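[1] Please find the sequence and the predicted model below.
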Amino acid sequence: MGTEAVIFDLGGVIVDFSHMAICARLAARCGGSARRVYADIFESGLEEAYDRGLSTAEFHRLVMERTGADMPLGEFRAIWSDIFTENREVSALVEGLKGRVSLVLLSNTNELHFEHVRERFPVIGLFDELVLSYEVGLRKPDAAIFRLAVERSGTAAQRCFYVDDNAGYVEAAAALGLDSRLFESAGALARELARRGLA
């Protein structure tokens, strides 16, 4: 069966990022350690709740409360979001696929992060469909979010090629019938696309 849709993960594939950069900046403001801030936000379930649709205002309030930092939302927005760099080789692959297959972006992300990425990286505008955890209230590896991505692709799961840097998510997608591969590098991805007649 030919590939009719390519479903991309965002973080770790199209853009790289560092959660610890956020934590170091917040720790500098609250006098704590970056490790403690990481536990307060990323190990407590708070960041996951934000990815699932918790409002930005409430997330900001809870981060300030838990870390002891004190800053307005505008300042927090910059600290929280200025952590991304584009993998331009992958963006070039996305550009080469435009118009040839259905392009779907499937991401565990939150409002501030996605707004920042969409504003700064034009590659996001190439996607035909966006399946974003904070908008749909689902998060990988929930099977429902993969099914939604397939539905929005407009084709069958077996005709979708899915790439992600998280092995667990790749396995979850494969269990649902998607042609799934772990992202290792832009070069390796280009070879996988070429095997499917797409590069």
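    Yep, that arrived. Numbers count the residues shown, from 1 in each chain.
[2] Going by C-alpha atoms from here, please, whenever you check contacts or count neighbours.
    Fine.
[3] And the helices in this protein?
    Listed in chain order, the helices found in the chain under DSSP state H are 19-30, 34-41, 46-51, 56-67, 73-81, 88-97, 111-120, 133-136, 143-153, 167-175, 186-195.
[4] Pull the distance from the first one to the chain's centre.
    What that stands for is helix 19-30. Helix 19-30 sits 21 Å away from the centroid of its parent chain (CA atoms, centre = their mean, to the nearest Å).
[5] tell me the average confidence for that helix?
    Averaged across helix 19-30, pLDDT comes to 94.
[6] Where does pLDDT dip in the chain?
    Per-residue confidence for the chain (pLDDT under 70) gives these ranges: 1.
[7] For residue 168, see how far away residue 185 is.
    Spatial separation of residue 185 from residue 168 under the definition CA to CA, to the nearest Å is 18 Å.
[8] my bad, should have said residue 129
    Relative to residue 168, and taking CA to CA, residue 129 is found at 23 Å.
[9] Neighbour count: the two, which is higher?
    residue 129 (18 against 13; other CA atoms under 10 Å).
[10] What residues does the residue nearest to the more buried one when sequence neighbours are not counted make contact with?
    With CA to CA, 6 or more residues apart in numbering as the measure, residue 104 is the residue that lies nearest to residue 129, at 4.8 Å, once sequence neighbours are left out. Neighbouring residues of residue 104 by CA atoms under 8 Å, 6 or more residues apart in numbering: 5-8, 127-131, 149, 152-153.
[11] try it again with 7 Å
    Taking CA atoms under 7 Å, 6 or more residues apart in numbering as the criterion, residue 104 is in contact with 6-8, 127-130, 149, 153.
[12] Closest to residue 67 out of those?
    residue 130 (32.0 Å; CA to CA).
[13] For the residue nearest to that closest one when sequence neighbours are not counted, give me its contacts.
    The shortest distance from residue 130 to any residue that is not its chain neighbour, by CA to CA, 6+ apart, is 4.9 Å, and that residue is residue 105. Each residue near residue 105 by CA under 7 Å, 6+ apart is listed here: 7-10, 127, 129-131.
[14] Quick check: the residue in the chain sticking out farthest from the centre vs residue 103, distance?
    What lies farthest from the middle of the chain is residue 31; by CA atoms, centre = their mean that is 29.8 Å. From residue 31 over to residue 103 the distance is 44 Å, taken as CA to CA.
[15] do residue 191 as well
    Distance, residue 191 to residue 103, using CA to CA: 18 Å.
[16] do the same with residue 145
    As defined by CA to CA, residue 145 lies at a distance of 16 Å from residue 103.
[17] Look at the two and report which has more neighbours.
    Neighbours per residue (other CA under 10 Å) separate residue 145 from residue 103, with residue 103 holding more: 25 against 22.
[18] wait, the more buried one sits on residue 125?
    No: the pair residue 103 and residue 125 fails to qualify as a contact (CA atoms under 7 Å) at a distance of 10.4 Å.
[19] Perfect, that will be all.
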